[in-house]
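J.: After the sequence you'll find the predicted model.
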Amino acid sequence: MQRIYLDNAATTALDPLVLEAMMPYLTDKFGNPSSIYSYGRESRLAIETARKQVARLLGAHPAEIFFTSGGTESSNTAILAAVQDLGCTHIISSPLEHHATLHTVEFLQKSRGIPVSWVTVDSSGHVNYEDLKRLLAGHSGKSLVSLMHANNEIGNLTDIHRVGELCKEYNAIFHSDTVQTVGHYPFDLRNTPVHFITGAGHKFHGPKGVGILYVNENVQIQPFLHGGSQERNMRAGTENLYGIVGFAKALQLAMDNYEKDSAYIHELKKYMAEKLISSIPGTSINGDCFGKSLYTVLNIAFPKTEKSEMLLFNLDINGICASGGSACTSGADLGSHVIRAFKQDPNKVAVRFSFCKHNTREEIDLVIGKLKGML
C-alpha cells in the first residue's frame with residue numbers, strides 16, 4: 001500500500017544531504033568536544049562552525065545561539081529563566097500555545113504563585129493585540145509575554161514585531177515559540193524585538209533531538225541543566241555533535257531553497273483547501289487559512305457523523321498520515337485545546353494536514369478521493 005505522509009508539522013523526513021553531513025560525526029569523528037586532543041578539537045570545531053552558520057542564517061550573533069535537545073527544552077529554559085533570573089512577576093500567554101509553553105506556565109503558577117493572564121483570541125484564532133496591551137498596562141511589575149510565532153495546529157501567524165514593540169513599551173520580556181517557523185521563514189533577529197526564540201531540527205528535514213535557544217545578548221540567564229561547562233556554561237551535558245551538525249545543514253538547505261519550496265508548498269495547501277471545500281459538503285477551515293497563516297498547515301473541520309468519528313483511524317488504515325492536533329498530545333484523546341479555545345462546535349471534527357516539499361498534487365487527489373468514501 002502506498003503511504004501518504006501529510007503530518008509534517010509533527011516531524012519531517014531527514015534530508016539525504018543532512019544525513020550525509022552528519023555521517024562523519026556518527027563514524028570517524030566521534031571525539032568528545034570537551035577533550036583537548038585532536039579528536040575532541042575537530043568535534044569542537046564542528047559545533048562552533050555550526051553555531052556560526054545558524055547565527056548567520058538567523059541574523060544573530062553566535063554568542064546568542066545555544067544548542068538544546070529541541071523546542072520543549074528551549075521553551076522551558078526561557079520561561080523559567082524569565083521568572084528566576086530576569087525578575088518577571090507576571091506571565092501573559094495565550095490558550096493556543098503548545099503544551100511546552102502552557103505546562104511550564106502552569107507549573108510556575110502552581111509552584112511559585114506567579115499570576116498568569118491569558119490574552120483573548122478572536123473567532124479565527126488570532127491574538128487580540130489590544131487585549132495584550134491592556135494586560136501589559138495593567139501590571140505594575142515586570143511581565144513575561146510568551147506567544148508563539150505560528151500555531152502548530154491551525155497555522156495562524158502572530159506578528160512578533162508588533163508584540164515585541166509592545167513588550168519594549170512596557171519593559172516586558174518576550175519569548176516566542178518559533179518551532180514552526182525557524183527553517184520555514186527567514187529571520188533577522190538583530191532587527192526583531194524578542195528576547196528568546198526556539199527551534200527544532202526535525203521540523204525542517206533535520207534530525208530529531210536537537211534544537212536551539214536564542215538568548216538576546218541584552219539578557220543574562222542561568223543554566224536550566226547543571227553539571228558541566230558545555231554551551232558556554234549554559235547547558236550541561238555532552239553535546240549532540242551529529243545532531244548539531246545536522247541542524248545547521250538542514251537550516252542552510254531550508255533557507256537556500258526557501259522561495260522555491262515555500263511557494264510550492266503554499267500552492268499545495270491552497271489546492272487541497274479549495275478541493276476539500278468544493279467536494280465535501282459541510283467542510284470548513286479552522287484558522288485564518290488564506291490570511292496570516294503558516295504555508296505548511298491546513299486544519300479542516302469535517303461534519304461530525306458516525307463515520308467521521310473514526311476518521312483518523314480510517315485514514316491510517318488507508319495509509320494516510322494526518323493528525324487531530326499536536327502529535328505531542330495524540331496519545332490522549334481529549335480533542336484539540338487549540339480548537340476548543342476559539343471555536344466551540346461539537347458538530348465538527350478537526351483534522352490537520354501539513355505539507356512539505358516532497359508532497360504532490362497527486363497525493364492530495366488520492367487523499368480527497370479516500371475522504372469522500374469515509375464521510
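T.: Yep, it's here. Predicted, not measured: the structure shown is a model, and the values here were computed from it.
J.: What is the burial count for the residue nearest to residue 94 when sequence neighbours are not counted?
T.: The shortest distance from residue 94 to any residue that is not its chain neighbour, by Cβ to Cβ, 6 or more residues apart in numbering, is 5.1 Å, and that residue is residue 119. C-betas here are computed from N, CA, C, even on glycine. By other Cβ atoms under 10 Å, the residues close to residue 119 number 22.
J.: same thing with residue 200?
T.: Other residues within reach of residue 200, judged by other Cβ under 10 Å, total 29.
J.: still on that earlier bit, any idea how far the residue nearest to residue 94 lies from residue 21?
T.: Between residue 119 and residue 21 the distance is 40 Å, computed by Cβ to Cβ, to the nearest Å.
J.: tell me which strands and helices the host helix or strand of residue 247 is in contact with?
T.: Per DSSP states H and E, residue 247 falls inside helix 241-256. In this structure, helix 241-256 packs against helix 16-26, helix 38-58, strand 65-68, with contacts taken as 3 or more Cβ pairs under 8 Å, 6 or more residues apart in numbering; DSSP states H and E.
J.: repeat that for 6 Å
T.: Helices and strands touching helix 241-256, as assessed by 3 or more Cβ pairs under 6 Å, 6 or more residues apart in numbering; DSSP states H and E, comprise helix 16-26, helix 38-58.
J.: just so I know, which of the ones you listed lies nearest residue 283?
T.: Closest of those to residue 283 is helix 16-26, at 36.2 Å (criterion: Cβ to Cβ).
J.: Please work out which residues outside the closest one touch it.
T.: The contact list for helix 16-26, computed with Cβ atoms under 6 Å, 6 or more residues apart in numbering, reads 206, 241, 242, 245, 246, 249, 250.
J.: With stretch 89-98 instead?
T.: When contacts are taken as Cβ under 6 Å, 6+ apart, the neighbours of stretch 89-98 outside the stretch itself are 105, 114-119, 127, 135, 139, 141, 143-148, 151-152, 177, 338, 341.
J.: Buried residues in it, which are they?
T.: Residues of stretch 89-98 classed as buried: 90, 91, 92, 93, 94, 96, 97, 98 (neighbour count, 16 or more other Cβ atoms under 10 Å).
J.: In terms of secondary structure, what does the lowest-mean-pLDDT helix or strand in the chain contact?
T.: Of all the helices and strands that make up the chain, helix 337-342 has the lowest average by mean pLDDT, DSSP states H and E, namely a mean of 84. The criterion is 3+ Cβ pairs under 6 Å, 6+ apart, and there are no helices or strands that helix 337-342 contacts.
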